[in-house]
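K.L.:
What follows is a protein structure lacking sequence information:
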């Protein structure tokens, strides 16, 4: 029987969405951070990205740090100048160079979250550069706990530059300004930045080393992976009288660039679910196991020819694998992992049943009968409204319950976005029975995911009901934290557009909208992330209005979008993933970098969970995602990518709670 292009995309999004609720083509050419020819227009100091600072930054001497600088508490302007590296290529030869970048950290008198970009020539900073500046500011805030509404950051570039490869350098420069440290003049760096502080791989490093040598630099910091295109980068540095050192994370980079250590969370033991939530989670696991058995029974009742359709058979087999894993984990007392796998098992069994039923209906009653049934969404809309009403009625008594509510809102937002995707799929023209099966089955599976996400929203609230902790009021307004993660997601999407979608558009000779549509049809994670960005304002206005419910909903949806979009950039760009024709990960070009990312992501997630516990916040709900990551990282490359996103989910969610609790900087 035929394999349909959408099925693996749907499988992928189910795995990720289940974990998140709890806690173009691979051959596309990479951007080169190439400077363009100098502009003929007069230089401008006007900001180039909204929101813009009202006044251009003025050259200042950075004040000497006090004996005990406080990260994020800036009472006067502080500047650092860093050296960004680039390379150009005309397809035959490549050349490297450098650009000075002045980073200004100063008090934010507007009290609005703003990042400024200043240029010495018209259009001097490209879209990838500006997106990287936003991310550098956001990651600096995540790592130190500073409030961007109180401190403003701007980046002033001399000449033209674009690309994401200075993300790590910009982050170090921002952190140094926040901490009152100085970046050493003789050091340059290249490497992207990830949300947990890992440094991502980049290209053109041999040429960048040459550019650093020409600028008189003595040390060049690069991401892990000392060989590029057969060139030993450390030896290449020696030939150019430059020392080259590999770093895996922002902590190593910071020490080399400033001579100072950047504080990091102390090593924490692996967290386990304990207390009242353990028993509640065990009961929920039994409920998902019962759903799994019911759905598998429905699959078993399908006609044999329907059961043998690839999409039905594959999902039923996947469901059984997850069910078996859940039982093994439960026997070991790993209830977080058991719960996650049980919910995944029920999800895939439900998808197999739903796909089988719609295919059977197409075969027996024709496409129009099946289409009519799918278009009758009144029951789904009623479920969504009921879920929204329940969440709006919730008032968290402690910070842990606030975290559960944010998670529930994230699941509900995803359900709404998935429903919209299903409706978009149903708008496609159907001419043949094969097309009918593909389109209608895809839509049916998406609608099943809507039901599952609504169940997960309910679970999050139910589990949150037993989470313990002290009475709590937000130390930072929920709306501020929601805006923080919303901007982070927007920056990631803008970077993905420039890095990947633009390349797909050019390589296929189509416009950007067509390129986006192609990627959305093949990658459900991208489809969901882009859909969320497009529909969030309308969803908030339609279902939640203004006030606390809207703020919690925006925060839940933005955290999910930020995590998913970060993983997309890692998949398509940073890790040089090899993809099959359905865009599934079958190999990783930068495997050492992935392993390094997994190690630090594990450490950061553990540390952030431990911070919650140290501040008397029950982290039980977020340990589910952590345990899922620990399990997935032992699998194949696709599983390892899932593990990375699960780690990032746990870290980002728990950092958001630390902001709300007022202890993010501790």
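P.N.:
Arrived safely, thanks for sending. Worth saying up front: this structure is predicted, and the values here are computed from it rather than measured.

K.L.:
Output the contacting helices and strands for the one helix or strand residue 88 maps to.
P.N.:
Following DSSP states H and E, one finds residue 88 within strand 78-89. Packing partners of strand 78-89 (3 or more CB pairs under 8 Å, 6 or more residues apart in numbering; DSSP states H and E): strand 94-107, helix 167-179, strand 187-189, helix 205-214. No exception for glycine: its C-beta is placed from N, CA and C like everyone else's.

K.L.:
okay, the angle between the last one and strand 94-107?
P.N.:
I take that to be helix 205-214. When axes from the mean of the first three to the mean of the last three CA atoms, to 10 degrees is applied, the directions of helix 205-214 and strand 94-107 differ by 70 degrees.

K.L.:
Can you give me the buried ones in helix 205-214?
P.N.:
Using 16 or more other CB atoms under 10 Å as the test for burial, helix 205-214 gives 205, 206, 207, 208, 209, 210, 211, 212, 213.

K.L.:
same check, this time on the first one
P.N.:
Residues of strand 94-107 classed as buried under the neighbour-count rule (16+ other CB under 10 Å) are 94, 95, 96, 97, 98, 99, 101, 102, 103, 104, 105, 106.

K.L.:
Give the buried residues for the strand holding residue 88.
P.N.:
Of the residues in strand 78-89, those buried under the neighbour-count criterion (16+ other CB under 10 Å) are 78, 79, 80, 82, 83, 84, 85, 86, 87, 88.

K.L.:
just stretch 636-650 next, same as before
P.N.:
Applying a neighbour-count criterion of 16+ other CB under 10 Å, one finds 637-650 buried in stretch 636-650.

K.L.:
Mean confidence (pLDDT) on the helix or strand hosting residue 129, please.
P.N.:
Secondary-structure element containing residue 129, defined by DSSP H and E: helix 127-144. Along helix 127-144, the predicted local confidence has a mean pLDDT of 89.

K.L.:
I'd like the next helix or strand past it.
P.N.:
Under the assignment DSSP H and E, the closest C-terminal helix or strand after helix 127-144 is strand 151-157.

K.L.:
quick revisit: can you tell me which of the helices and strands packed on strand 78-89 comes nearest to residue 406?
P.N.:
Using CB to CB as the measure, helix 167-179 is the one of those that comes nearest residue 406, at 25.6 Å.

K.L.:
Taking helix 127-144 as reference, get the angle to the closest one.
P.N.:
In this structure, helix 167-179 runs at an angle of 50 degrees to helix 127-144, with the same axes, to 10 degrees as the basis.

K.L.:
Tell me who's in contact with residue 363.
P.N.:
By CB atoms under 8 Å, 6 or more residues apart in numbering, the contact list for residue 363 reads residue 306.

K.L.:
Please report phi then psi for it.
P.N.:
The phi and psi values for residue 363, taken as degrees, to the nearest 10, are phi -70, psi -40.

K.L.:
measure it to residue 295 for me?
P.N.:
Distance of residue 363 to residue 295, given as CB to CB, to the nearest Å: 21 Å.

K.L.:
Let me see the residues that make contact with stretch 242-252.
P.N.:
Stretch 242-252 is contacted by residues 139, 143, 168, 171-172, 175, 191, 193, 197-199, 209, 212-213, 217-226, 233-234, 236-238, 253, 256, 261-262, 264, 593, 596, 599-600 when judged by CB under 8 Å, 6+ apart.

K.L.:
Just the buried subset of the residues you listed, please.
P.N.:
Applying 16+ other CB under 10 Å to the contacts of stretch 242-252, the neighbour count classes 139, 143, 168, 171-172, 175, 191, 193, 197-199, 209, 212-213, 217, 219-226, 233-234, 236-237, 253, 256, 262, 264, 593, 596, 600 as buried.

K.L.:
Helices of the stretch 551-666 of the chain, residue ranges please.
P.N.:
When assigned using DSSP state H, counting those that start in this stretch, the helices of the stretch 551-666 of the chain occupy the ranges 591-614, 620-632, 637-661.

K.L.:
which one of these is the most hemmed in?
P.N.:
helix 620-632 (a mean of 28; mean count of other CB atoms under 10 Å).

K.L.:
Name the spans of the stretch 451-600 of the chain whose pLDDT lies under the cut-off.
P.N.:
Applying pLDDT under 70 to the stretch 451-600 of the chain picks out residues 581-585.

K.L.:
what are the ranges of the strands in it?
P.N.:
According to DSSP state E, counting those that start in this stretch, the stretch 451-600 of the chain carries its strands in the segments 577-579, 585-588.

K.L.:
Output these in CSV; the columns should cover mean neighbour count and distance to residue 471.
P.N.:
Below are the strands of the stretch 451-600 of the chain laid out as CSV (neighbours: other CB atoms under 10 Å; distance: least, CB to CB, whole Å):
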stretch, mean neighbour count, distance to residue 471
strand 577-579, 19, 46
strand 585-588, 17, 45
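
K.L.:
circling back: can you tell me which of the buried residues of helix 205-214 lies nearest to residue 437?
P.N.:
Top of the list for closeness to residue 437, among the buried residues of helix 205-214 and by CB to CB, is residue 205 at 47.7 Å.

K.L.:
Perfect, that will be all.
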